[in-house]
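Asks: sequence-free structure coming up:
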């Protein structure tokens, strides 16, 4: 049985991705900052017929919880096959290149970039024990330099959030480069503008559609791509610009 870990998975896209992977026979650890909330969600899922799901305490901004989660998974299984770095924050709706404070930027980067770095570095050895290890870093089309360097694009801009996700994309590229001689495939995936708490339940994609886009890249074959960015809602399935 394949083993997956999803950060920030007690609600929204992360939770739906957990459900979709579980239905495929994959055992899923739901990473949750609040373990009580995580366990309540798992109890509900079990009552609905899900079997391959367990809550695990994991706050990506607290290295001690990341290390603890790794030890638990290592004790309960011999490897990790899928890592989905889904946890993320927006940083609020009022963001400006001229007025947003460095503290605001730092808070967003702490979760959206530094948290991913910590999780990847902590779990990479468990991933190397898998036959087909996969990492998906949940990104966004809002991180695209191609899209937002067009000054005729008047889409609302969230500068701290966008900067953190653009940095995440570059980290994805470099992580894939450094692991190019291994069997680990790492890609950044935009789930689309999804109707969740994160967006105030606005958007053009359902959580089911978003989760399907993410889970797809956790199951690519060994001849699949690595170090790529995918935003199917905005760019289609191939040749997505960074």
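Replies: Structure's in. What do you need? Model, not experiment: these values are computed from the prediction.
Asks: What ranges does the chain have for its strands?
Replies: Here the chain has its strands, by DSSP state E, at 3-6, 27-32, 53-57, 82-85, 134-138, 185-189, 228-230.
Asks: quick one: strands adjacent to the fourth one?
Replies: Pairing partners of strand 82-85, with direction, according to DSSP bridges: strand 3-6 (parallel), strand 134-138 (parallel).
Asks: sorry, back to before: among the strands of the chain, which is the most enclosed?
Replies: strand 82-85 (a mean of 29; mean count of other C-beta atoms under 10 Å). In short, each C-beta sits where N, CA and C put it, glycine included.
Asks: how much distance is there from it to the middle of the chain?
Replies: Average the C-alpha atoms of strand 82-85, do the same for its chain, and the two points are 6 Å apart (C-alpha atoms, centre = their mean, to the nearest Å).
Asks: which residues touch it?
Replies: The contact list for strand 82-85 (C-beta atoms under 8 Å, 6 or more residues apart in numbering) reads 2-7, 9, 14, 17, 21, 26, 60, 115-116, 119-120, 123, 127, 133-138, 214, 218.
Asks: hmm, back to that, can I get the strands of the chain in JSON lines with distance to residue 96 and mean pLDDT?
Replies: Formatted as JSON lines, the strands of the chain follow (distance: least, C-beta to C-beta, whole Å; pLDDT from 0 to 100):
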{"stretch": "strand 3-6", "distance to residue 96": "32", "mean pLDDT": "98"}
{"stretch": "strand 27-32", "distance to residue 96": "32", "mean pLDDT": "98"}
{"stretch": "strand 53-57", "distance to residue 96": "35", "mean pLDDT": "98"}
{"stretch": "strand 82-85", "distance to residue 96": "27", "mean pLDDT": "98"}
{"stretch": "strand 134-138", "distance to residue 96": "25", "mean pLDDT": "98"}
{"stretch": "strand 185-189", "distance to residue 96": "25", "mean pLDDT": "97"}
{"stretch": "strand 228-230", "distance to residue 96": "26", "mean pLDDT": "94"}
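Asks: Which one, of those, ends up nearest to residue 40?
Replies: Residue 40 lies closest to strand 53-57 among the strands of the chain, at 8.4 Å (C-beta to C-beta).
Asks: now the closest one against strand 27-32, angle please.
Replies: Orientation check (axes from the mean of the first three to the mean of the last three C-alpha atoms, to 10 degrees): strand 53-57 against strand 27-32 gives 30 degrees.
Asks: list the helices and strands strand 53-57 packs on?
Replies: helix 12-23, strand 27-32, helix 35-47, helix 63-76 (3 or more C-beta pairs under 8 Å, 6 or more residues apart in numbering; DSSP states H and E).
Asks: now the longest one and strand 53-57, what's the angle there?
Replies: In this structure, helix 63-76 runs at an angle of 140 degrees to strand 53-57, with the same axes, to 10 degrees as the basis.
Asks: And the average pLDDT for helix 63-76 is what?
Replies: Helix 63-76 comes out with an average pLDDT of 98.
Asks: So which elements touch it?
Replies: Applying 3+ C-beta pairs under 8 Å, 6+ apart, one finds that helix 63-76 makes contact with strand 3-6, strand 27-32, strand 53-57, helix 115-128.
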